[in-house]
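Colleague: I need the structure of the sequence given here:
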Amino acid sequence: MSEPARNFDRTPWQLRIFSKSLKKRQKLDLLLRMAGPQTDDRCLLLTCGDNNGALNYHFRTAGGRWTWADLEAGGIEEMESFLGETVHDVRPDRLPFERGSFDLVVVIDVHEHLDDVESLNSELARVLLSGGRAVVTTPNGNPRLPLARAKRWIGMTPAVYGHVVQGYSLDELESMLERVGLCPERRGAYSRFFTEAVELAINFAYVRLLSSRATGGTEQAPIAPDTEERLRGVEKTYRVYSRFFPLIRLIASLDKLLPGSGGYAVAVAASKPR
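Modeller: Numbering: from 1, shown residues only. Here you go, the predicted structure:
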């Protein structure tokens, strides 16, 4: 085996998947821009199951003193092993942190999983220090978007993704943050048409064709491998995907030709008044 191959095999599976995920890489780039430099800030990253720890790893590398929390306990043990740090198992209506604990709170794709978003938003405002910032992402909730319609037509409904709703618009996100006293300052979007189309094709193939192989046929898998065991279950397919990834990335790059600045996922940054 060649030296490059041995190096690749030693790469943690979380980073292997992240390196081949166009949407997650775009998400990270946008969030780092919207959050700004962390330096010595006290930061919280809150996720909801669709996170294997790779995002945590990259945020930690960018700077700041980070605390990790997730609303789904299933993947926490493997995340802790990868990060070498505690990942808190939390409830959205009562985060286990003191008032004013954080300068920055990043909430990635959580709201669309919840029936009650107001309780979570109140908690975000509570744990933020005066002058602190919250950055929140969700899928775009506009049901008229072409690929949103395509998802429903092929059976990739919000329930398949574990969502209560499709998502929220930028206006909806800003309004819900304003209701708990946070002041929206920046808005952004990522995953435009071609990126989202590629992502949809990959998710559909995994859920409809590969999930039984990844889980041993005992359960319905999530939309992508979320454990090392499940990745091993589709390792051959993943290797084929990796070979074609340059072409997939080229297709996604066609997004640059599209007018406007919208996307199939949105983000809002808001501050807590001093």
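Colleague: show me where pLDDT drops low in this protein?
Modeller: 1-9, 208-224 (pLDDT under 70).
Colleague: one more time with 80, if that's ok
Modeller: 1-9, 206-227, 230-231, 233-234 (pLDDT under 80).
Colleague: Show me which residues of the lengthiest strand in it are buried.
Modeller: The longest strand of the chain (DSSP state E) is strand 128-139. For strand 128-139, burial by neighbour count (16 or more other CB atoms under 10 Å) applies to Leu128, Leu129, Gly132, Arg133, Ala134, Val135, Val136, Thr137, Thr138, Pro139. For glycine as for every other residue, the C-beta is placed from the backbone atoms N, C-alpha and C.
Colleague: Tell me what the fifth one is bridged to.
Modeller: Note on Ala134: beta-bridge partners Val105, Ala270, judged by DSSP bridges.
Colleague: quick one: it from Ala35, how far?
Modeller: Computed with CB to CB, to the nearest Å, the distance linking Ala134 and Ala35 is 10 Å.
Colleague: Common neighbours of the two, please.
Modeller: Leu104, Val106, Ala269 (CB atoms under 8 Å, 6 or more residues apart in numbering).
Colleague: wait, doesn't Thr137 sit right on Leu55?
Modeller: No: look at Thr137 against Leu55 with CB atoms under 8 Å: they stay out of range, at 10.7 Å.
Colleague: what residues do the two have in common as contacts?
Modeller: Shared contacts of Thr137 and Leu55, defined by CB under 8 Å, 6+ apart, comprise Lys27, Ile108.
Colleague: circling back: most neighbours, which of the shared contacts of Ala134 and Ala35?
Modeller: Counting neighbours by other CB atoms under 10 Å, Val106 leads the shared contacts of Ala134 and Ala35 with 26 neighbours.
Colleague: mind listing what it touches?
Modeller: By CB under 8 Å, 6+ apart, Val106 lies in contact with Leu31, Ala35, Cys43, Leu44, Leu45, Leu46, Phe59, Ala134, Val135.
Colleague: Now the fifth one. Nearest residue, chain neighbours left out?
Modeller: Closest residue in space to Leu45, ignoring its immediate chain neighbours: Val106 at 5.0 Å, by CB to CB, 6 or more residues apart in numbering.
Colleague: For the protein, just list every one of the helices.
Modeller: Applying DSSP state H to the chain gives helices spanning 3-10, 13-19, 22-35, 54-62, 76-83, 117-127, 146-153, 170-178, 193-205, 211-215, 228-233, 235-252.
Colleague: Which one of these lies nearest to Gly162?
Modeller: Proximity of the helices of the chain to Gly162 was assessed by CB to CB; the nearest stretch is helix 193-205, lying at 12.1 Å.
Colleague: Which secondary structure elements does the closest one sit against?
Modeller: Secondary-structure packing of helix 193-205 (3 or more CB pairs under 8 Å, 6 or more residues apart in numbering; DSSP states H and E): helix 22-35, helix 146-153, helix 235-252.
Colleague: got CSV for those, with distance to Tyr161 too?
Modeller: As requested, the helices and strands packed on helix 193-205 are arranged in CSV below (distance: least, CB to CB, whole Å):
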stretch, distance to Tyr161
helix 22-35, 13
helix 146-153, 9
helix 235-252, 20
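Colleague: Many thanks, have a good one.
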